Every structure is written in C-alpha cells, then in structure tokens.
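Trainee: Fold the following and give me the result.
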Amino acid sequence: MNPKGDKPKSKISASRKLSLKMLLLTRACEDLEKERQDREEEKVRYLGEKLPPLQLSGMSLEELQNLCKELHGKIDIVDEERYDCESKVGKHNKDIHELKLKVQDLGGKFKKPALRKVRVSADEMMRALLGSKHKGSMDLRANLKSVKKEDVKQDKVLTTEVGDWRKNVEAMSGMEGRKKMFDTGGGAQ
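Mentor: Numbering: from 1, shown residues only. The predicted structure is shown next:
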C-alpha cells in the first residue's frame with residue numbers, strides 16, 4: 001500500500017483496460033454464437049437420425065395405415081421418455097431447493113435466543129389477541145366453583161347412607177319397581 005493509505009494504482013492504463021474488456025466481450029460473443037450453431041447442428045443430426053424422411057408416394061392404403069401405427073408407437077415411446085425426464089427434472093429441482101434451504105439454515109449466523117418467562121394476565125392476553133374488540137376485564141377465578149369442607153363432609157354422609165345395594169335392587173325389581181320409576185318420573189314433569 002501507499003504510505004498515504006490510498007488505493008494502490010493499477011499498473012494497466014485505462015485505455016488498455018477498455019481494450020481488454022472489448023476483446024473479452026467479442027470473444028464471449030463469438031463463443032456464444034459458435035455454441036448456438038453447434039446446438040442447431042446437433043439438433044438437425046439427431047432429428048435426421050431418429051426421423052428419416054418419409055416417402056409416401058406409391059404406398060397402398062394398408063401400408064399407410066401400418067406406417068401410421070408405427071409412428072403412433074414411436075410417439076408414445078417418446079412421450080413416455082419425455083414424461084420420465086420431466087419428472088426427474090422436477091424431482092431434482094425440488095431436491096436442489098431443499099438442499100439450498102438446508103445450506104442457508106446451516107450457514108446462517110442467527111442464534112435462537114434464550115426464552116424468558118413472561119407473566120401475562122388474561123386481560124392482557126385477550127387485549128393482545130383481540131385488540132380493540134376486547135372490552136371489560138375477565139376474571140377467570142371468579143367463574144370457578146368454590147368448594148368448602150362442609151360440602152365434602154355432606155357428600156361422605158350421603159355415600160354412607162346408601163347402605164346395602166341389594167335392598168335397592170329388590171325394591172326396584174319386577175313391575176312394581178318399574179311402575180314406581182314411571183310414577184316418580186311422570187310426577188317430576
């Protein structure tokens with residue numbers, strides 16, 4: 001580097017750079033043109049090899065029908081090959097896309113931040129989800145059923161009063177038991 005800290009000057013003059021660029025561009029254009037011509041020649045050669053010229057003059061109706069059947073068979077084969085090639089290309093493109101995504105994921109410099117516990121009340125959560133539509137406060141604890149110790153004791157007493165289950169079954173068996181159930185069900189309505 002220069003002691004001044006500036007960029008080092010190029011040893012090639014600007015006019016020389018320009019002439020080199022022009023030479024490179026003309027060479028690239030010539031190569032592209034040659035490549036296009038080669039592709040055209042390859043295409044003509046391939047078609048000449050695969051599709052010989054048809055000579056339809058002097059053929060009978062039966063020979064023409066056989067020729068048509070042969071051509072249809074060849075078309076089917078070519079269509080199958082084309083479909084296979086298209087499906088392979090589609091699969092390879094999908095694989096390439098997935099691999100690119102993997103490379104981006106692996107090469108990325110982002111790190112997942114450590115998550116913090118955040119305490120959010122029900123009102124704040126509803127306000128965040130619904131925005132301006134959320135009105136009033138929502139106290140979830142107010143809707144809960146309160147259970148007292150006395151209620152638990154009463155439940156225990158009820159379960160002990162049930163007594164022998166056989167007596168209950170005998171009382172409800174037969175037509176009298178069904179009639180009682182019917183009468184009590186009908187009276188409740």
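Trainee: per-domain residue ranges of this protein.
Mentor: Per the TED database, the structural domains of the chain span 17-51, 61-110.
Trainee: Identify whichever of these lies nearest to Met125.
Mentor: Counting by C-beta to C-beta, Met125 lies closest to domain 61-110 out of those; the figure is 27.7 Å. For every residue, glycine as well, the C-beta is placed using N, CA and C.
Trainee: and Glu42, what helix or strand is that in?
Mentor: helix 14-50 (DSSP states H and E).
Trainee: What average pLDDT does whichever helix or strand comes after that helix get?
Mentor: Using DSSP H and E, the helix or strand that follows helix 14-50 in sequence is helix 61-107. Averaging pLDDT along helix 61-107 yields 92.
Trainee: what's the angle between helix 61-107 and helix 14-50?
Mentor: 140 degrees (axes from the mean of the first three to the mean of the last three C-alpha atoms, to 10 degrees).
Trainee: Tell me the helices and strands packed up against helix 61-107.
Mentor: Contact partners of helix 61-107 among helices and strands, from 3 or more C-beta pairs under 8 Å, 6 or more residues apart in numbering; DSSP states H and E: none.
Trainee: After that helix, heading C-terminal, what element do we hit next?
Mentor: Using DSSP H and E, the first helix or strand after helix 61-107 is helix 122-130.
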